[in-house]
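S.K.: Here is the input, now give the coordinates:
(one chain, ligands or ions: 1)
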Amino acid sequence: MSDGLRIEEARQLQAAAADLFERARKSAVEITEGGRRIDDHQVLTERVAYAATEARALDETLVHLERAQAEGRASSDFELACTLAAAELAKRIHDRLAPLVDELGIGEAALEEAFPAPVRSLLRRATGEALVRDLGRRAIEAGGRIDWPLDEMHEQVRDQVREFGVNEVLPHAERIHRNDEIVPEAFISSMGKLGFFGLSVPEAYGGVEMGNLAMILTTEELSRASLAAAGSLITRPEILAKALLGGGTEEQKAAWLPRIASGEIMVGVAVTEPDIGSDVASVKCRAERADVDGQKGWVINGPKSWCTFAGRADVLALLARTDPDASKGAKGLSLFIVPKESFDGHEFETTQPGGGRLSGKADATPGYRGMHSFTLQLDNYFVPEENLVGGAAGEGRGFYLQMAGFAAGRLQTGGRASGLAQAALEETVTYIRDREQFGQVLSAFQLTQFTLGKMMALLTAARAITYSAAVAFDEDERSAAPLAAQAKLLACDVAVEVSQSGQLMHGGWGYAEEYPISRYVVDAQVLPIFEGVKPILELKVIGRSVLAR
Ligand SMILES: Cc1cc2nc3c(=O)[nH]c(=O)nc-3n(C[C@H](O)[C@H](O)[C@H](O)COP(=O)(O)OP(=O)(O)OC[C@H]3O[C@@H](n4cnc5c(N)ncnc54)[C@H](O)[C@@H]3O)c2cc1C
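M.R.: Here you go, the predicted structure:
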């Protein structure tokens, strides 16, 4: 074993990275005029936004480590994983910003001043073979799992959900994926009974209110068992619950939240349209006031796309244009709770007594199977007046409520990505400990150990920023929204990188459907796309927040 990297040394690397990043950020603020001209400088903004995300993850990793050390909970494996995660992030920040120094106008001198020769030498050691291979070897010995030190309550949550995931979900995950089956009802009813849908719903509305860290740990363990058939079941209820808590009337909260928290109703989120994706403010699906059979409400017309779980869902949280004046943009949108019958197939159609019609057809996907994502068509589909979120005051506020919901979805996706990356890491370790080539197990090869050490360090960074975002969300959801976006951005990229490295270590068998790593790879690829596609998060959420004056 190596002597490791001392936390003071990791702090030195953090200071260097923070110095370079801050110089870059200040200059980018000037260039983009406080973020107003991001679209004239998209490439530069993207890199600075990503470096900001890595810098934040680096900070959070060391904060978690110091806290765990102070509480006497930090194992030596955890210490090495954290310090090497910090070093890897410092290196990535340096390498990301170095090519930009001329464009930013900070010049070579900034690089030299932030990373003088002794710091560069430390960085080489901290990201070099001896230490990273040591972490890789330890991760191999630990079966790919270096547990995060938690307090007793959160440890119990993690253990309970892990047991559920391993015993109830894992045995079915492969079959569901291979046959593109729907999530079994037994998962939903058990998860409802265990309180998994109500983790961040207040007790007053039937939830268990254990906070966002408990929600993340739950999501992570479920996603470790299956991203699509378990880990993502919580996302849609989370999104609608947050929108209701943020802007629903008291009657709506009392009516819907207990049913969401118990798992009695499943939710689909219908925002995206065939022609409208990232530009959510331009949503075209129309909702118009109507009286149908003497009942006041709204009729909805238009297509929606990529509505996950829309078949099985009992309600759709649907964003529609209530103001016909398209120039109103985001201000013309309202959020509706649209009740529907539940279906378990890949296609459905339902007609209302008043003539309204809703049909859906699932789009085939290489991964993320189990919930099925539907293209929908609504024709004069009636929704009662009381289902406009926020009541009369909610008219025109749908975009903002939806965005609050998406912030929660992004936080949750940081947990989903960490769980999937964990599964890929463990599966890879199992494989390389068993598979022999050239007379040795793969895990004995130097390069395998080095790659695995890097995978472990990256997963540690993803967890650190996600757990911090969860805690920040408990304090103030609004101000924590950019951090949740950063957690989502980093953790999803880590899930892609870790699963693909794991696939490569499986060689040809990594491409075979019968090995779970091939599922992890196709599942991971969706993570940077939904809940805010990666470039939009970088430019319009993180970039704006980091570059605002
Ligand atoms: C499996 C799956 C499940 C999903 N589930 C749901 C769901 O349940 N509910 C729901 O409403 N949606 C869902 N989505 C939709 C998802 O949120 C959208 O795909 C995503 O928001 C991107 O929209 P788009 O696909 O229309 O891409 P587009 O917006 O067309 O973007 C395409 C590319 O262009 C880039 N781009 C766009 N605008 C800019 C710009 N201004 N500057 C630079 N680059 C830009 C984007 O970043 C992206 O890389 C799901 C998608 C998938 C694949």
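
S.K.: Next, R321: phi, psi?
M.R.: phi -90, psi 120 (degrees, to the nearest 10).

S.K.: for the closest residue to A68 other than its chain neighbours, helix, strand, or coil?
M.R.: Leaving aside its chain neighbours, A68 sits nearest to A74 (3.9 Å; criterion: C-beta to C-beta, 6 or more residues apart in numbering). Any C-beta I mention is one placed from the backbone N, CA and C, and that applies to glycine too. The three-state assignment at A74 reads coil, by DSSP: H, G, I helix; E, B strand; the rest coil.

S.K.: Let me see the ranges of the helices in the stretch 1-150 of the chain.
M.R.: Remark: helices assigned in the stretch 1-150 of the chain by DSSP state H, counting those that start in this stretch are 7-31, 42-70, 76-97, 101-104, 107-114, 117-126, 129-141.

S.K.: And the fourth one, what's buried?
M.R.: Applying a neighbour-count criterion of 16 or more other C-beta atoms under 10 Å, the buried positions in helix 101-104 are V101, L104.

S.K.: re earlier: looking at the helices of the stretch 1-150 of the chain, which is closest to L316?
M.R.: Nearest of the helices of the stretch 1-150 of the chain to L316, taken as C-beta to C-beta: helix 42-70 at 31.8 Å.

S.K.: Compute the mean per-residue pLDDT across that closest one, please.
M.R.: Taken as a whole, helix 42-70 has a mean pLDDT of 98.

S.K.: and that helix, what does it pack onto?
M.R.: helix 7-31, helix 76-97, helix 446-475, helix 477-505, helix 544-547 (3 or more C-beta pairs under 8 Å, 6 or more residues apart in numbering; DSSP states H and E).

S.K.: got the angle for that helix vs helix 477-505?
M.R.: 90 degrees (axes from the mean of the first three to the mean of the last three C-alpha atoms, to 10 degrees).

S.K.: how about the helix or strand containing V521 against the ligand, any contact?
M.R.: Following DSSP states H and E, the helix or strand that holds V521 is helix 516-524. No: Helix 516-524 does not reach the ligand (C-beta under 6 Å from any ligand atom); its nearest approach is 9.8 Å.

S.K.: Restricting to C-alpha, output that helix in PDB.
M.R.: Extracted in PDB, the C-alpha atoms of helix 516-524 (Å, rounded to 0.1, in the frame of the first residue of the first chain):
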ATOM      1  CA  PRO A 516     -25.300  -6.800 -16.700                       C
ATOM      2  CA  ILE A 517     -22.600  -4.400 -17.700                       C
ATOM      3  CA  SER A 518     -24.100  -4.000 -21.200                       C
ATOM      4  CA  ARG A 519     -27.400  -2.900 -19.600                       C
ATOM      5  CA  TYR A 520     -25.600  -0.500 -17.300                       C
ATOM      6  CA  VAL A 521     -23.900   1.100 -20.400                       C
ATOM      7  CA  VAL A 522     -27.200   1.600 -22.300                       C
ATOM      8  CA  ASP A 523     -29.000   2.800 -19.200                       C
ATOM      9  CA  ALA A 524     -26.300   5.300 -18.300                       C
END
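
S.K.: Show me what that helix is packed against.
M.R.: helix 170-179, helix 398-434, helix 477-505.

S.K.: CSV please, covering the helices of the stretch 1-150 of the chain and showing distance to V383.
M.R.: Listed next are the helices of the stretch 1-150 of the chain as CSV, based on distance: least, C-beta to C-beta, whole Å:
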stretch, distance to V383
helix 7-31, 44
helix 42-70, 38
helix 76-97, 47
helix 101-104, 50
helix 107-114, 56
helix 117-126, 57
helix 129-141, 51
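
S.K.: With S327 as the reference, name the closest of those helices.
M.R.: S327 sits nearest to helix 42-70 of all the helices of the stretch 1-150 of the chain, at 25.0 Å, using C-beta to C-beta.

S.K.: Find the least confident helix or strand in the chain, judged by mean pLDDT.
M.R.: helix 235-247 (a mean of 92; mean pLDDT, DSSP states H and E).

S.K.: now the angle from that one to helix 446-475?
M.R.: Relative orientation of helix 235-247 versus helix 446-475 (the same axes, to 10 degrees): 30 degrees.

S.K.: Quick one: name whatever helix or strand follows helix 235-247.
M.R.: Next along from helix 235-247, by DSSP H and E: helix 250-262.

S.K.: Contacts for the helix holding V521 next, please.
M.R.: Contacts with helix 516-524, where a contact means C-beta atoms under 8 Å, 6 or more residues apart in numbering, come from 173-174, 177, 227-228, 366-368, 417, 420-421, 423-424, 427-428, 431, 492, 495-496, 498-500, 502-503, 506, 510-513.
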